[in-house]
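>>> predicted model, plus sequence, below.
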Amino acid sequence: MAPPTFLILLDALRWDYVCAQDSPTLVELANAGIWARKVRPSFGFCEISEYVTGTYPNVNGNWATFAYRPQASPYRRWQKGLRALGFVDHLPRGHTRARQVLEWWFTMRGVPHPTYRIPLPWLSYFAPTEGAHLHTQVGAFAVESMYDVMARTGLTVYDETFVHYNRAIGSDEDRVNRLLRHCAEPYDLYMIYLGEADSTGHNFGPDSPQRRETVRRLDALIARLVERITQIYGGAASIVLLGDHGMVPVKQSVDVWSAVGALGLEFGRDYVMFLDSTLARFWPLSKRGRDGLVQLLARREFVTLGELLTPKRAGELRVPPPGSEYGELIWLAHANTMIFPDFFNCVVPLGMHGYETSLDEQKGFVVVVGPDVSAAVLEEAELVDICPTLCDLLGVEHPRQNQGTSLVAR
Ligand SMILES: [Zn+2]
């Protein structure tokens with residue numbers, strides 16, 4: 001069996017967090033391998049789909065975390081009960097706890113992904129996109145994934161320390177300890193998810209001392225992992241360290257929820273709405289609903305703080321055009337502005353991602369080290385390039401629809 005490849009996913013570890021003061025281990029590895037200083041994700045929130053299929057959102061179909069699928073929503077069977085539970089969202093205390101209990105109840109009934117802060121009476125209109133399937137399973141995506149190719153080739157993946165249905169189990173340290181215990185087993189690809197840079201970046205902002213402290217802690221965890229990998233495999237294993245996107249400081253928020261509420265429209269009859277942190281997506285259901293929403297989005301506040309997604313702009317951003325799945329009217333917030341209240345946060349975060357990705361603050365980084373990898377520095381790569389890179393390290397074909405370019409020569 002050939003030595004394995006390790007994917008160490010550092011959620012929201014922005015490219016400029018990699019520096020000698022905070023992340024000496026990362027810098028050392030970067031200097032020893034291929035270092036793409038910046039990695040540009042696509043616009044949106046489905047990064048896993050990009051780096052395991054090598055395709056953009058308008059090809060793999062996953063863009064925002066939820067799509068409008070009233071007929072296929074996993075919550076459809078509980079529609080009546082969820083409508084009656086609407087009061088839970090407004091409990092002055094305990095709504096988070098109540099939501100946890102409900103999510104446990106859903107999980108017991110085979111619907112394991114998080115519901116975040118989506119209003120309970122609205123849940124049955126939506127279905128999760130990327131998080132709907134176990135992504136390592138064969139056929140989990142609309143296009144071929146690297147796991148499909150691996151399964152065809154007889155290669156195996158260890159994903160116990162990764163994300164399942166948009167959730168990771170335990171803390172970063174728990175998952176590192178777990179991988180330390182398992183990394184000598186006969187798998188071809190090991191995947192570990194480290195999420196603390198994302199949560200601290202959201203909670204304290206990308207330029208905060210807390211965020212720097214987190215990067216130092218993550219660097220120490222990476223050092224422990226790499227030491228163990230080297231102990232077992234010498235220099236024969238390949239390691240990919242990926243910051244899948246960056247983090248942008250939040251300077252202002254816009255209250256779409258109240259603005260829409262003031263229109264006097266009825267949800268489910270005049271319109272349906274989904275509020276991602278940087279996207280407000282609408283499905284007008286009546287003429288009254290459409291007229292009201294179009295007028296609202298033409299107001300000065302919305303014209304200055306963001307833009308309406310046109311089919312042309314969607315093409316440039318390589319995301320699905322406005323339509324029934326992701327919204328017929330879609331407003332994108334400009335960098336530094338976020339939508340609050342949204343369906344994901346209890347308080348206004350100090351950092352956010354999901355903005356236009358030509359922005360440097362939106363970018364992550366990647367480092368590839370391995371026996372056949374010679375040191376090189378690239379200014380920029382794209383998130384879709386990670387899939388063919390991993391495939392080359394594993395010695396398997398690229399997925400059929402892959403649009404990325406491998407960072408390592410075959
Ligand atoms: Zn995040």
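Yep, that arrived. Computed from a predicted structure; not experimentally measured.
>>> helices or strands next to the lowest-mean-pLDDT helix or strand in the chain in the packing?
Ranking every helix and strand in the chain by mean pLDDT, DSSP states H and E puts helix 95-108 at the bottom, with a mean of 90. The criterion is 3 or more CB pairs under 8 Å, 6 or more residues apart in numbering; DSSP states H and E, and there are no helices or strands that helix 95-108 contacts. (Glycine included, C-beta is placed from N, CA and C.)
>>> tell me the helix or strand right after it.
strand 126-128 (DSSP states H and E).
>>> tell me how far the least confident helix or strand of the chain lies from the chain's centre.
22 Å (CA atoms, centre = their mean, to the nearest Å).
>>> list the buried ones in it?
The neighbour-count check on helix 95-108 (16 or more other CB atoms under 10 Å) flags 95, 98-99, 102-103, 106 as buried.
>>> so what's the backbone phi/psi at residue 376?
phi -160, psi 150 (degrees, to the nearest 10).
>>> quick check: the spatially closest residue to it that is not a sequence neighbour vs residue 385, distance?
In space, and not counting its chain neighbours, residue 376 is closest to residue 34: 5.0 Å by CB to CB, 6 or more residues apart in numbering. Going from residue 34 to residue 385 by CB to CB, to the nearest Å gives 11 Å.
>>> shared neighbours of these two, anything?
Counting by CB atoms under 8 Å, 6 or more residues apart in numbering, the contacts common to residue 34 and residue 385 are residue 407.
>>> what does the least confident helix or strand of the chain contact?
74-75, 85, 88-89, 91, 112, 114-115, 117, 120, 346.
>>> hang on, the earlier thing: closest one of the buried residues of helix 95-108 to residue 372?
For the buried residues of helix 95-108, the residue nearest residue 372 by CB to CB is residue 103; the value is 44.2 Å.
>>> give the buried residues for the host helix or strand of residue 259.
Using DSSP H and E, residue 259 sits in helix 256-261. Buried residues in helix 256-261, counted by 16+ other CB under 10 Å: 256-257, 259-260.
>>> avg pLDDT for it?
Averaged over helix 256-261, pLDDT sits at 96.
>>> helix or strand next in line after it, which one?
Assigned by DSSP H and E, the successor of helix 256-261 is strand 271-275.
>>> so how far is that next one off the chain centroid?
Distance, centroid of strand 271-275 to centroid of chain: 21 Å (CA atoms, centre = their mean).
>>> need the contact list for the residue nearest to residue 286 when sequence neighbours are not counted.
Spatial nearest neighbour of residue 286, chain neighbours left out: residue 270 (4.7 Å); criterion: CB to CB, 6+ apart. By CB under 8 Å, 6+ apart, the residues touching residue 270 are 284-286, 288-289, 292.
>>> list the buried residues of the longest helix along the chain.
In the chain, taking DSSP state H as the definition, the longest helix is helix 209-233. Using 16+ other CB under 10 Å as the test for burial, helix 209-233 gives 211-212, 214-215, 217-219, 221-223, 225-226, 228-229, 233.
>>> is residue 357 in a helix, a strand, or coil?
Under DSSP: H, G, I helix; E, B strand; the rest coil, residue 357 falls in the coil class.
>>> report how many residues lie close to it.
Residues lying near residue 357 (other CB atoms under 10 Å) number 22.
>>> kindly report the same for the one 10 residues further on.
Other residues near residue 367 number 26, with proximity taken as other CB under 10 Å.
>>> sorry, back to before: against residue 288, how distant is the residue nearest to residue 286?
Residue 270 is 5 Å from residue 288, by CB to CB.
>>> now do residue 3
63 Å.
>>> returning to that earlier point: pLDDT and distance to residue 146 for the contacts of helix 95-108 - can I get that in a markdown table?
Listed next are the contacts of helix 95-108 as a markdown table, based on pLDDT from 0 to 100; distance: CB to CB, whole Å:
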| residue | pLDDT | distance to residue 146 |
| --- | --- | --- |
| 74 | 95 | 26 |
| 75 | 95 | 31 |
| 85 | 90 | 40 |
| 88 | 84 | 40 |
| 89 | 83 | 39 |
| 91 | 79 | 43 |
| 112 | 90 | 23 |
| 114 | 91 | 25 |
| 115 | 92 | 29 |
| 117 | 91 | 32 |
| 120 | 94 | 36 |
| 346 | 88 | 36 |
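>>> filter the residues you listed down to just the buried residues.
The buried subset of these - by 16+ other CB under 10 Å - is 74-75, 85, 88, 112, 114-115, 117, 120.
>>> any idea which of the residues you listed is closest to residue 135?
residue 112 (12.9 Å).
>>> who's in contact with that closest one?
Contacts of residue 112 (CB under 8 Å, 6+ apart): 106, 164-165, 167.
>>> go again using 10 Å as the cut-off
The neighbours of residue 112, taking CB atoms under 10 Å, 6 or more residues apart in numbering as the test, are 74, 103-104, 106, 128, 131-132, 134, 164-167.
>>> now do residue 150
136, 138, 156-157, 188-189, 390-391, 394, 396-397, 399.
>>> again with residue 380
15, 36-40, 360, 363, 365.
>>> top of the residues you listed by neighbour count?
Busiest of the contacts of residue 380 [other CB under 10 Å] is residue 39, holding 28 neighbours.
>>> doesn't residue 297 make contact with residue 256?
Yes. The pair residue 256 / residue 297 is scored as a contact, 9.3 Å apart, by CB atoms under 10 Å.
>>> overlap of the contact sets of those two?
Joint contacts of residue 256 and residue 297 (CB under 10 Å, 6+ apart) are 280, 282, 306, 331.
>>> coming back round to it: okay, and the common contacts of residue 270 and residue 288?
Common neighbours of residue 270 and residue 288 (CB under 10 Å, 6+ apart) are 263-264.
>>> pretty sure residue 164 sits against residue 113.
Yes. Counting by CB under 10 Å, residue 164 sits close enough to residue 113 to count as a contact (8.9 Å).
>>> between these two, which is the more surrounded one?
Using other CB under 10 Å as the criterion, residue 164 and residue 113 rank with residue 113 on top: 21 against 17.
>>> stretch 41-53: end-to-end distance?
In stretch 41-53, first residue to last residue: 13 Å (CA to CA, to the nearest Å).
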